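Participant: here's my sequence, what's the structure:
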Amino acid sequence: MADASTPRPVSTYRLQVRASFDLDAAAATTDYLRALGVDWAYLSPILQAAEGSDHGYDVVDPTRVDRDRGGPEGLARFVAAARQAGLGIIIDIVPNHQGVSVPADNPWWWDVLTHGRASTHAEAFDIDWEHGGGRVVLPVLGAALDEVLDDAQIHVAPPASDDDGFGTATYGDLVLPLAAGTAPQHATTDRSAVRDVLERQHWRLTSWRRDAEELNYRRFFTVTSLAGVRVELPEVFDASHVEILRWVREGLIDGLRIDHPDGLSDPGGYLDALAGAVDGARNAASKRPFPVYVEKILEPGEELPSWWATEGTTGYDALGEIDRVLVDPAGEAALTSLDGRLRGESLTWQEMTAATKRDIADTSQAAEIGRLVRCLPSAVRSALGDDRARDAFAALLAAFPVYRAYLPAGRELLADAVATASAARPDLADTLTELAELIADAESELSHRFMQTTGPVMAKGVEDRAFYRYSRLTSLTEVGGDPSQFALPVEALHRAFAARQASWPHALTALTTHDTKRSEDVRARFSVLAEMPDRWAEALGDLRAIASTGDGPLDNLLWQAVVGAWSDDAALRDRLHAYAEKAAREGAVGTTWTAPDEAFEARVHGLIDAAFGAARSIVADLVDTITPAGRSNSLAAKVLQLAGPGVPDVYQGTELWDLSLVDPDNRRAVDFGLRRTLLARLDGGWMPPIDDSGAAKLLVVSRTLRMRRDRPELFTRYAALPVVGAACAHAVAFDRGGAIVVATRLPLGLEARGGWAGTAVMLPAGRWRDEFTGREIDGGIASLGELLADLPVALLTHV
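Facilitator: Alright, predicted model coming up:
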């Protein structure tokens with residue numbers, strides 16, 4: 001198999017592989033990706049996933065390629081096409097958990113349910129056998145067991161044949177295996193007979209409402225159908241990586257992306273084990289790097305562990321920096337005031353997240369906190385009592401400032417959490433200190449499990465709860481972001497970019513991913529609102545007078561979503577209805593996933609309907625106002641990402657305008673035929689206007705990607721370039737070592753002050769050519785009015 005074009009990727013392009021876009025469909029895009037300027041293709045998970053899975057993160061069999069995604073033959077064909085196009089290949093893998101929603105689809109889980117602790121795979125899953133009385137507790141029933149039995153909802157049956165296992169129990173669509181010797185002679189739903197069979201199984205059924213008290217296996221966040229895997233055990237690591245290492249051994253892949261490493265018992269240890277396994281699987285003579293990227297969410301100012309065997313993160317940190325440099329800090333006060341009026345009180349981001357994280361700790365993570373309590377030394381547990389221990393653990397988790405620590409490193413984070421929690425709950429101060437001392441023992445089970453629990457509390461309490469409640473400016477409520485950080489000065493962006501170039505030059509950078517709450521182009525529209533906060537407040541008042549959910553912050557979020565995603569897409573109305581329902585339930589103010597409120601949700605859907613009816617003219621007027629500036633922001637963000645330090649990742653389809661919202665909206669089909677056609681026109685010399693076609697963005701993406709791939713020597717350093725003159729605050733400029741970027745920021749303010757008159761960028765001497773427009777300009781004091789006459793961005797190289 002031929003080597004990839006470069007030893008490490010210069011850029012990547014993320015493809016969401018699924019049944020409707022399988023590996024053969026992905027193979028058909030490789031020539032287009034090459035023409036676009038992409039260096040490596042980056043595939044979503046392709047191991048065997050649950051039936052019908054559109055995302056692939058619910059792997060049920062890690063030993064084979066998903067048949068609906070093309071199977072091993074499809075992978076071979078994709079690899080051949082990619083190599084023909086000169087593309088490297090990265091594949092996303094999921095070591096933390098496996099899908100167990102359909103037990104028969106997961107051979108490991110089925111075996112555990114069949115044989116219990118005697119199963120070959122009993123150690124593969126993170127099960128607290130003692131808490132379950134030696135059984136796996138399955139909180140899947142819609143009511144208490146007795147009620148389910150009374151209604152004859154569980155059916156037990158002998159095997160269909162002598163070669164067909166030990167019999168099954170069926171509840172709705174759920175089919176479970178019976179242990180050897182426990183099946184009835186005849187199929188039955190008789191209450192007494194079924195109960196007798198159930199009592200003899202290696203699993204136990206209970207109501208889903210009892211998971212907080214009874215669940216006894218680690219899961220992914222709050223998803224009971226995703227069971228945690230113990231890859232820290234060498235035999236489990238080996239078994240779960242056999243297919244992945246085949247890809248390495250046969251030269252099918254060049255790198256990996258690791259999903260959710262923070263869920264693992266020892267993320268750094270896992271990365272070391274992976275590096276050793278990869279080295280063992282590769283040709284001993286190969287000296288090419290094998291880049292590994294981690295989906296690690298860094299809070300602002302937090303550093304990636306420097307001892308990890310990784311090239312860096314998947315890029316959310318860069319996303320936050322780039323977005324915020326395009327936000328006008330002058331709009332903060334007005335938007336904050338609006339937020340306070342809408343919610344009827346002044347509430348800081350820190351106050352909100354303290355409450356939402358505590359709520360998650362007390363409810364959907366209660367089972368995990370129960371396991372922490374069970375990890376306490378018996379004397380400590382007895383002295384504290386379970387209620388006080390639970391209270392203190394929940395307070396500590398809610399106060400933890402980042403996704404997780406990697407003890408013994410990061411003890412200061414634990415101390416910070418103790419101080420914050422003690423200030424809020426002085427009655428727990430002594431207990432918090434005592435627990436922290438036990439957690440600080442990095443070798444203890446308690447320490448590892450506490451570190452595995454901080455992430456779910458953060459993710460569910462912040463990303464999946466507070467992000468849907470804090471709607472001051474929703475471009476800021478994005479993965480890895482701190483919405484209390486409203487804007488970023490240009491100087492701070494330069495410092496962040498210089499730091500990335502110095503410390504993590506091969507880390508990925510992103511603007512849109514499969515996990516972002518909104519696409520880059522939707523967020524680019526939202527950023528315009530910071531330049532016109534009074535206009536937005538007035539329009540929002542008019543919109544709420546037409547349709548309101550009754551909750552001011554949710555109204556703000558939904559009306560922003562309407563304006564951000566507004567287009568002529570025929571499916572937009574249905575997409576917005578789906579988004580609005582998800583947003584309302586995630587925020588859990590007037591309705592929830594577990595207890596939907598029909599009246600409240602009727603108002604939610606009424607708001608969306610109003611956008612296409614009585615409020616349509618207001619929406620259309622707003623969209624007309626913000627779209628030109630939003631497109632300027634989109635182009636600026638794209639060139640800052642693509643030409644900035646790190647390895648830029650382009651999410652599928654976003655080389656044109658993409659007005660997607662949260663998943664599954666961001667996994668819609670991509671029209672690659674249209675993109676091929678527009679790219680061919682650009683290559684034929686067409687200079688596109690900045691219009692609905694999105695060709696202007698395609699121009700910026702293709703020319704920058706090609707330059708990075710074909711002229712890597714121009715991107716070897718980072719140096720800020722001065723912008724001088726009356727409108728200097730409206731531009732960002734830097735030199736990457738021969739390639740120079742200039743990008744517009746705060747375009748409404750720039751227009752209001754009359755444009756670029758008297759403003760220039762200081763360029764090195766010589767003659768420079770803009771790769772987007774072909775315009776040439778002399779070095780020295782270069783007029784931005786001339787340089788940016790056609791586009792709000794420029795990529796300059798020496799003539």
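Participant: use CA for all of it now, contacts and neighbours both
Facilitator: OK.
Participant: roughly how far out does the lowest-mean-pLDDT helix or strand in the chain sit from the chain middle?
Facilitator: Sorting the helices and strands of the chain by mean pLDDT, DSSP states H and E puts helix 211-214 at the bottom, at a mean of 92. Taking the mean of its C-alpha atoms, helix 211-214 sits 27 Å from the chain's own mean (Cα atoms, centre = their mean, to the nearest Å).
Participant: how far is the following helix or strand past that helix from where the chain is centred?
Facilitator: Note on helix 211-214: by DSSP states H and E, the next helix or strand toward the C-terminus is strand 219-220. A distance of 16 Å separates the C-alpha centroid of strand 219-220 from that of its chain, computed with Cα atoms, centre = their mean.
Participant: what residue, apart from its backbone neighbours, is nearest Cys527 spatially?
Facilitator: Check again: residue 527 is Ser, not Cys. Val327 (5.4 Å; Cα to Cα, 6 or more residues apart in numbering).
Participant: please give the element, helix or strand, for that neighbour.
Facilitator: For Val327, there is no enclosing helix or strand under DSSP H and E.
Participant: and it, what is it in contact with?
Facilitator: Residues near Val327 by Cα atoms under 8 Å, 6 or more residues apart in numbering: Phe486, Ala487, Leu488, Ser527, Val528, Ala530, Glu531, Arg745, Leu746.
Participant: most remote residue from the chain's center?
Facilitator: Distance from the C-alpha centroid of the chain peaks at Gln185, with 49.3 Å (Cα atoms, centre = their mean).
Participant: so what's it up against?
Facilitator: Counted by Cα under 8 Å, 6+ apart, Gln185 has contacts Ala157, Pro158.
Participant: quick one: it is in a helix?
Facilitator: No. Gln185 is assigned coil when assessed by DSSP: H, G, I helix; E, B strand; the rest coil, not a helix.
Participant: ok, now how distant is it from Ala419?
Facilitator: Distance, Gln185 to Ala419, by Cα to Cα, to the nearest Å: 62 Å.
Participant: how many residues are close by Asp146?
Facilitator: 12 (other Cα atoms under 10 Å).
Participant: output the helix or strand hosting it as PDB - backbone C-alpha positions only.
Facilitator: In the assignment (DSSP H and E), Asp146 maps to helix 145-150. Coordinates of each C-alpha in helix 145-150 appear next as PDB, following Å, rounded to 0.1, in the frame of the first residue of the first chain:
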ATOM      1  CA  LEU A 145     -41.400  -5.300  37.600                       C
ATOM      2  CA  ASP A 146     -44.500  -6.500  39.400                       C
ATOM      3  CA  GLU A 147     -46.700  -4.300  37.300                       C
ATOM      4  CA  VAL A 148     -45.000  -5.500  34.100                       C
ATOM      5  CA  LEU A 149     -45.500  -9.100  35.200                       C
ATOM      6  CA  ASP A 150     -49.100  -8.500  36.000                       C
END
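Participant: list the buried residues of it.
Facilitator: Using 16 or more other Cα atoms under 10 Å as the test for burial, helix 145-150 gives Leu145, Val148, Leu149.
Participant: hmm, who's touching that helix?
Facilitator: For helix 145-150, the surrounding residues in contact (Cα under 8 Å, 6+ apart) are Leu141, Gly142, Ile154, Thr189, Arg191, Val194, Arg195, Leu205, Thr206, Ser207.
Participant: mind running it again at 6 Å?
Facilitator: Applying Cα atoms under 6 Å, 6 or more residues apart in numbering, the contact partners of helix 145-150 are Arg191, Thr206.
Participant: what's the first helix or strand after that helix?
Facilitator: strand 154-157.
Participant: what helices and strands are in contact with that following strand?
Facilitator: In this structure, strand 154-157 packs against strand 168-171, with contacts taken as 3 or more Cα pairs under 6 Å, 6 or more residues apart in numbering; DSSP states H and E.
Participant: within its sheet, name the partner strands of the strand it packs on and how each one runs.
Facilitator: If you go by DSSP bridges, strand 168-171 pairs up with strand 154-157 (antiparallel), strand 174-177 (antiparallel).
Participant: for Val462, which of those strands is the nearest?
Facilitator: The minimum distance between Val462 and the strands paired with strand 168-171 falls on strand 174-177, with 32.2 Å, by Cα to Cα.
Participant: quick one: average pLDDT of whichever helix or strand comes after that closest one?
Facilitator: Sequence order places helix 191-198 as the next helix or strand after strand 174-177, per DSSP H and E. For helix 191-198, mean pLDDT rounds to 96.
Participant: so the residue lying closest to Phe600 once chain neighbours are set aside, which of the three states?
Facilitator: Spatial nearest neighbour of Phe600, excluding adjacent residues (Cα to Cα, 6+ apart): Gly590 at 6.1 Å. Under three-state DSSP, the three-state class of Gly590 is coil.
Participant: now for Gly590, how many residues are close by?
Facilitator: Gly590, neighbours per other Cα under 10 Å, totals 19.
Participant: neighbours of the nearest residue to Thr310 once chain neighbours are set aside, how many?
Facilitator: Nearest non-adjacent residue to Thr310, counting by Cα to Cα, 6+ apart: Val292, 5.1 Å away. By other Cα under 10 Å, 23 other residues sit near Val292.
Participant: same question for Leu678.
Facilitator: The local packing of Leu678 (other Cα under 10 Å) involves 21 other residues.
Participant: same question for the one 10 residues further on.
Facilitator: The burial metric for Pro688, expressed as a neighbour count using other Cα under 10 Å, is 19.
Participant: ok, the one 10 residues further on next?
Facilitator: By the measure other Cα under 10 Å, the count of residues near Leu698 is 23.
Participant: residue contacts, it?
Facilitator: Contacts for Leu698 (Cα under 6 Å, 6+ apart) come out as Glu655, Leu656.
Participant: over to Leu661?
Facilitator: So Leu661 contacts Arg518 (Cα under 6 Å, 6+ apart).
Participant: hmm, 10 Å instead?
Facilitator: By Cα atoms under 10 Å, 6 or more residues apart in numbering, the contact set of Leu661 is 515-520, 522-523, 561, 564-565, 575-576, 579, 667.
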